[in-house]
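Q: Task: produce atomic coordinates for the following.
(one chain, ligands or ions: 2)
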Amino acid sequence: MWARGSDTVDAVNRLHENTVYLPGYPCPPSLRASSDLGAVITGSELLLMVVPTQYIVTTLGEAAKLLQPHQVMVSCSKGISLASLETVEELLERLVPPEFRSRLAYLSGPSFAAEVAGGQPTAVTVAAKDDQLAARVQALLSNPRFRCYRSTDVIGVELAGALKNVLAIACGISDGLGFGNNARAALITRGLYEITKLAVARGANPLTMSGLAGMGDLVLTCTGDLSRNRTVGLRLGRGERLQDIQASMGGAVAEGVPTAVAIRTLARKLGVECPIMQGIHRVIHEGANAQEVVTEVMSRELKPEVAPDIIKGVIANGSNTNLMEVLAAAGPPQTPAVAEAPPPALKATALEGAAATAARNPRSILCDGGRSGEREDGAMRTATVAVLAAGAGAALGAAVVAVSRWRR
Ligand SMILES: NC(=O)c1ccc[n+]([C@@H]2O[C@H](COP(=O)([O-])OP(=O)(O)OC[C@H]3O[C@@H](n4cnc5c(N)ncnc54)[C@H](O)[C@@H]3O)[C@@H](O)[C@H]2O)c1
Ligand SMILES: O=P(O)(O)OC[C@H](O)CO
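A: Ligands and ions are numbered 1, 2, ... in the order given. Take a look at the predicted model:
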């Protein structure tokens, strides 16, 4: 093991415990620590790179040139470079020799170090562009207490791991302000939507966001008090200053603090709207009042839960997902049959008609068209219901009937 500080090296070699960063968890006596990075790199077959993202370039630097194609490097860092807006994948591909690029893998997912060290059951994702490399790392690192899944969606796994840290700070702030479970659940859910939009805009598979590196790590870090990012948020919400919080962390890092800056710039460049992430940036880096930011975010223009252009992006980027295989296998889409909203007195008949149309057509899905919402003074209206014939209807099975009613 390489460590920067001689106190860490000493503690691991003499006491067989990382008393500086992970006290209370004995290391195997066979583990040797050194501060000679070149020696550690050249003497290893599989390297785990676990340096905080903002220090990767200065730490690895010239030593990256020592890497040989028979070796493998697995990054466990979760962040985005503030200096260049690069993901860890992009940073490493720039630093290592060209022939080593195919030897890079990325490990991410819900994994508090203390629980892993304590032998608690943990599941993570290992991503590599080459599935065979991912499978090799998966086999090497898995054991009955540490289960690795594999993926080839490197950008998805990387962005999910980096962006959840910003949301963990948001959840901490919310809890620190005294908001309840509803607020935390809303932040996690709408935060995942923002992560998905950004990741899909960078070419990620949307399904990765519901996996261990996405939803898994997001839930862990937003709700688990072992999280440094959530803890920073909690203390901010209770009124402490960021500088004081960071100064008290003994060198430990909350990756979400710099990632919040990087992601604001990245979101602007990609043209992706991320109100929660932007709000967090304003609170932690611009000194905005958290209560006021919450009110602003909650008072924005009302909108659909999932924007239509996101669905298009998801389909376009999900070309290696089962969904696209299902769509392709189901053949060309059929002409949509649409049942428009009837006057209130006739609605039951029209809805039954729409449902009957769906039932006759095994390839159809019946869903809420979501187009109504216009006010008709004091009147209660029934939502427009559209029967959309989608090619995947047959494969998806049951038709869903969603009818909504509302009163203003
Ligand atoms: N701790 C976890 O539970 C956990 C789990 C999964 C992934 N990660 C990721 O691993 C990465 C490292 O996190 P950690 O928990 O090991 O860090 P940490 O907060 O425990 O420790 C910070 C580390 O950064 C080093 N450091 C501080 N200043 C530095 C500098 N100027 N140059 C080089 N190194 C410097 C310190 O020596 C120390 O090793 C992060 O990207 C984190 O998101 C952490
Ligand atoms: O302590 P945090 O907030 O850096 O989170 C640690 C890991 O990323 C959890 O998977």
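Q: Y106 - that's part of a strand, no?
A: Yes - assessed with DSSP: H, G, I helix; E, B strand; the rest coil, Y106 lies in a strand.
Q: quick one, what contacts it?
A: Counting by Cβ atoms under 8 Å, 6 or more residues apart in numbering, Y106 touches V74, S75, C76, V88, E89, V126, A127, A128, V154, V157, E158, G161. Glycine gets a C-beta too; all of them are placed from N, C-alpha and C.
Q: Find the nearest non-adjacent residue to it, please.
A: A127 (4.6 Å; Cβ to Cβ, 6 or more residues apart in numbering).
Q: Tell me the pLDDT of that neighbour.
A: A127 is assigned a pLDDT of 98 by the prediction.
Q: which residues does it contact?
A: 105-108, 134, 150-154, 156-158, 213.
Q: Okay, and which of those map to strands?
A: With DSSP state E as the criterion, strands contain A105, Y106, L107, S108, R150, S151 from among these.
Q: Surely the last one and T208 touch.
A: If I follow you right, that is S151. Yes - the criterion here is Cβ atoms under 8 Å, and S151 meets it with T208 at 6.5 Å.
Q: Compare the two (neighbour count), which wins?
A: T208 (28 against 22; other Cβ atoms under 10 Å).
Q: distance of the residue nearest to G119 when sequence neighbours are not counted from ligand 2?
A: Counting by Cβ to Cβ, 6+ apart, R145 is the residue found nearest to G119 once chain neighbours are left out, at 5.2 Å. Distance, R145 to ligand 2, using Cβ to the nearest ligand atom, to the nearest Å: 16 Å.
Q: burial of R145, as a residue count?
A: There are 12 residues near R145, going by other Cβ under 10 Å.
Q: my guess is it contacts G118, does it?
A: No - counting by Cβ under 8 Å, R145 stays clear of G118, with 9.4 Å between them.
Q: re earlier: give me the beta-bridge partners of the residue nearest to Y106?
A: Y106, S151 (DSSP bridges).
Q: Up against ligand 1, what does the stretch 151-300 of the chain have?
A: G251, A252, V253, E255 (Cβ under 6 Å from any ligand atom).
Q: which one of the residues you listed sits closest to ligand 2?
A: E255 (5.8 Å; Cβ to the nearest ligand atom).
Q: got a pLDDT number for that closest one?
A: Confidence score, pLDDT, at E255: 97.
Q: go on, the one 10 residues further on?
A: Each residue has a pLDDT score; the one for T265 is 94.
Q: and if you look at R363?
A: At R363, pLDDT is 43.
Q: Near ligand 2, which residues of this protein are found?
A: Checking the chain against ligand 2 by Cβ under 6 Å from any ligand atom, the hits are 78, 110-112, 165, 168, 217, 220-221, 227-229, 255.
Q: Try it again at 5 Å.
A: The chain comes close to ligand 2 at residues P110, S111, D217, T221, S227, R228, N229, as judged by Cβ under 5 Å from any ligand atom.
Q: before we move on, back to that, now render the residues of the stretch 151-300 of the chain next to ligand 1 as CSV, adding neighbour count and secondary structure.
A: Output for those, formatted as CSV (neighbours: other Cβ atoms under 10 Å; DSSP: H, G, I helix; E, B strand; the rest coil):
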residue, neighbour count, secondary structure
G251, 11, coil
A252, 12, coil
V253, 19, coil
E255, 23, coil
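Q: from those, which single one is nearest V261?
A: E255 (11.5 Å; Cβ to Cβ).
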